[in-house]
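Peer 1: got a sequence here, can you model it:
(one chain, ligands or ions: 1)
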Amino acid sequence: RPRVLSGIQPTAGSFHLGNYLGAVRQWVALQESHDAFYMVVDLHAITVPQDPAELRANTRLAAAQLLAAGLDPEHCTLFVQSHVPEHAQLAWIMNCLAGFGEASRMTQFKDKSAKQGAGNATVGLFTYPILQVADILLYQAHQVPVGEDQRQHIELTRDLAERFNGRFGETFTVPAPYILKETAKIYDLQDPSIKMSKSASTPKGLINLLDEPKTTAKKVKSAVTDTDTVIKYDTENKPGVSNLLTIYSTLTGRTIAALEAEYEGKMYGALKTDLAEVMVEFVTPFRARTQQYLDDPETLDSLLAKGAEKARAVAAETLATAYDKVGLLPAK
Ligand code: AQP
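Peer 2: Purely as a prediction, here's the structure:
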C-alpha cells in the first residue's frame, strides 16, 4: 500500500474549517487505501511562543479532534511528533543539506516572521520547513495530503530528497503533494480573498469546529458575498459565494452543479441559512465526540503511545540508514 504522512499543529485549540476540509478530511479517506501516518506536530508549534500548559492541553485536544473527525488507530498510525525523537534528528541532517537561500525563499516563513516583527522570529521558525522535510522523509511517504499553502514545503522536500539521494545514494522516497483542487484553499468568510487561517482571519471570518454551533451558524449567515444576486460558482467574480458553495458541496457530497440548480432564482440568504444548518449538523456531533475523547485522557494517551511506537519502528530504520549514508560513525 502506498504510504501517506501529514501533520497538524496543536496551536489554536480548535481546528478550523480550512484545516478540516483542506487536510483532515482527506486523511480520514486515505487511511482506508493507504498506509497512513498522521501526527500532531508539537515541535512545529513551539517555533512561535507557546504557554507550556496550554501546549500540552492543546496537543491532547488536537489528537481528540483527529479521532472525532474519523481517524481510526486501527487503520492509521496516529502519534505526537515529539514522541518520536527521530524527527529532530533527521531535521539536523536536512538542515545541513538545505541552502540558506532556498530556506529564505519559503513564503510562509516570510509571512509568519513579518508578523513577529523584524528580527524577532526564532531560528526554529526559519527551519520549520526543514523539520517538515524530515517529518515526511522519515516515513518514506509517497504522498502528503495538505492544503495549498503547504505546496512550497512539499517542493522543498522533493528537492532535498533528490539532493540527498544524488549525493549519498538512493535513500529517500521522493514524495508528491496530495492536494484536492476543490478544497485546496478554503477562504475567510469575511474576506474571501485570503485563506481562512487562525492567525490572519478575524473571529467572524474563521469557523472553529469547536465553537458553539449557534456561533457557527451566525458566522455562516453573515458571510460576505457580493452585490449581485446569482448563486453561481465563479471564483473570479464571486469568491464569497464560490467559497460557500465549496463548503456546502464538500460537507454534503452534493455537486456544485446540483447546488447551483437548486438555488437558481433564490436569494443569498436562503443559501446561507441552509449552509448554516449543514454546518451545525456537522459540528454538533464533532464537538460531542471530541469531548468524549478528552474525558478519557488515559485511553487517549495510551493510544498515542501505541501510535508513537509504531511510528518509531519506521522512523528509526530510516534515520539509521541516513546516518550511515552521511558517514556518521555508529555507536558501539
Ligand atoms: N484555509 C485553508 N484551506 C485549506 N487547507 C488549509 N490548511 C490550513 N488552512 C487551510 C491546511 O491545514 C493543515 C494543517 O495546517 P497547520 O497545522 O499548518 O495549521 P495551521 O498553521 O494552524 O493553519 P493556519 O490557520 O493556516 O495557521 P496560520 O494562520 O498560523 O498559518 C495543512 O495541511 C494546511 O495546508
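Peer 1: let me know the secondary structure of residue 284.
Peer 2: What DSSP: H, G, I helix; E, B strand; the rest coil gives for residue 284 is helix.
Peer 1: ok, now which ones touch it?
Peer 2: By CB atoms under 8 Å, 6 or more residues apart in numbering, residue 284 lies in contact with residue 213. C-beta here means a position set from N, CA and C on the backbone, and glycine is covered the same way.
Peer 1: swap in the one 3 residues further on?
Peer 2: For residue 287, the set of contacting residues under the criterion of CB under 8 Å, 6+ apart consists of 68, 209, 210, 213.
Peer 1: helix or strand: which one has it?
Peer 2: helix 268-294 (DSSP states H and E).
Peer 1: now do that helix: distance to the chain's middle.
Peer 2: Relative to its chain's centre, helix 268-294 lies at 20 Å (CA atoms, centre = their mean, to the nearest Å).
Peer 1: for the record, mean pLDDT for it?
Peer 2: For helix 268-294, the mean per-residue pLDDT is 98.
Peer 1: next secondary structure after that helix?
Peer 2: helix 297-326.
Peer 1: centre of the chain to that next one, how far?
Peer 2: Distance, stretch centre to chain centre, for helix 297-326: 20 Å (CA atoms, centre = their mean).
Peer 1: for it, which positions count as buried?
Peer 2: Neighbour-count burial for helix 297-326 flags 300, 303-304, 307-308, 310-312, 314-315, 318-319, 322-323, 325 (criterion: 16 or more other CB atoms under 10 Å).
Peer 1: pull the most distant pair out of these.
Peer 2: Distance extremes for the buried residues of helix 297-326: the farthest pair is 300 and 325 at 37.0 Å, using CB to CB.
Peer 1: how about the contacts made by residue 165?
Peer 2: Residue 165 makes contacts with 171, 172, 174, as judged by CB under 8 Å, 6+ apart.
Peer 1: residue ranges for the helices of the stretch 101-250 of the chain, please.
Peer 2: Taking DSSP state H, counting those that start in this stretch, the helices of the stretch 101-250 of the chain run over residues 107-116, 123-138, 151-168, 213-221, 239-252.
Peer 1: if you compare those helices, which one is most tucked away?
Peer 2: Mean neighbour count (mean count of other CB atoms under 10 Å) peaks for helix 123-138 among those, with a mean of 23.
Peer 1: need the three-state assignment for residue 38.
Peer 2: Using three-state DSSP, the three-state assignment for residue 38 comes out as strand.
Peer 1: residues near it, how many?
Peer 2: 26 (other CB atoms under 10 Å).
Peer 1: what sits against it?
Peer 2: Residue 38 makes contact with 5, 6, 7, 8, 27, 31, 66, 71, 76, 77, 78, 79 under the criterion CB under 8 Å, 6+ apart.
Peer 1: what is the burial count for the residue in the chain that the ligand sits nearest to?
Peer 2: Relative to the ligand, the nearest point of the chain is residue 22 (1.9 Å; CB to the nearest ligand atom). As a burial measure, residue 22 scores 26 neighbours (other CB under 10 Å).
Peer 1: close to the ligand: what parts of this protein are there?
Peer 2: Counting by CB under 6 Å from any ligand atom, the chain comes close to the ligand at 8-9, 11-12, 16, 18-19, 22-23, 146-147, 149-150, 185-186, 195-200.
Peer 1: just name whatever secondary elements the worst-scoring helix or strand of the chain on mean pLDDT is in contact with.
Peer 2: Within the chain, no helix or strand scores below helix 107-116, which has a mean of 89 by mean pLDDT, DSSP states H and E. Under the contact criterion of 3 or more CB pairs under 8 Å, 6 or more residues apart in numbering; DSSP states H and E, helix 107-116 touches helix 123-138, helix 151-168.
Peer 1: and the angle from that helix to helix 151-168?
Peer 2: Calculated by axes from the mean of the first three to the mean of the last three CA atoms, to 10 degrees, helix 107-116 forms an angle of 120 degrees with helix 151-168.
Peer 1: can you give the distance from helix 107-116 to the centre of its chain?
Peer 2: Remark: helix 107-116 is offset 18 Å from the chain centroid, using CA atoms, centre = their mean.
Peer 1: residue contacts, residue 109?
Peer 2: By CB under 8 Å, 6+ apart, residue 109 lies in contact with 103, 121, 125, 126, 128, 129.
Peer 1: need the pLDDT of the fourth one.
Peer 2: So the one you mean is residue 126. 96.
Peer 1: and the spatially closest residue to it that is not a sequence neighbour, how far from residue 100?
Peer 2: Spatially, and ignoring its direct neighbours in sequence, residue 126 is nearest to residue 109 (5.9 Å; CB to CB, 6 or more residues apart in numbering). Applying CB to CB, to the nearest Å, the value for residue 109 to residue 100 is 12 Å.
Peer 1: mind putting the contacts of residue 287 in a markdown table, pLDDT included?
Peer 2: What follows is these, written out as a markdown table (pLDDT from 0 to 100):
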| residue | pLDDT |
| --- | --- |
| 68 | 98 |
| 209 | 98 |
| 210 | 97 |
| 213 | 96 |
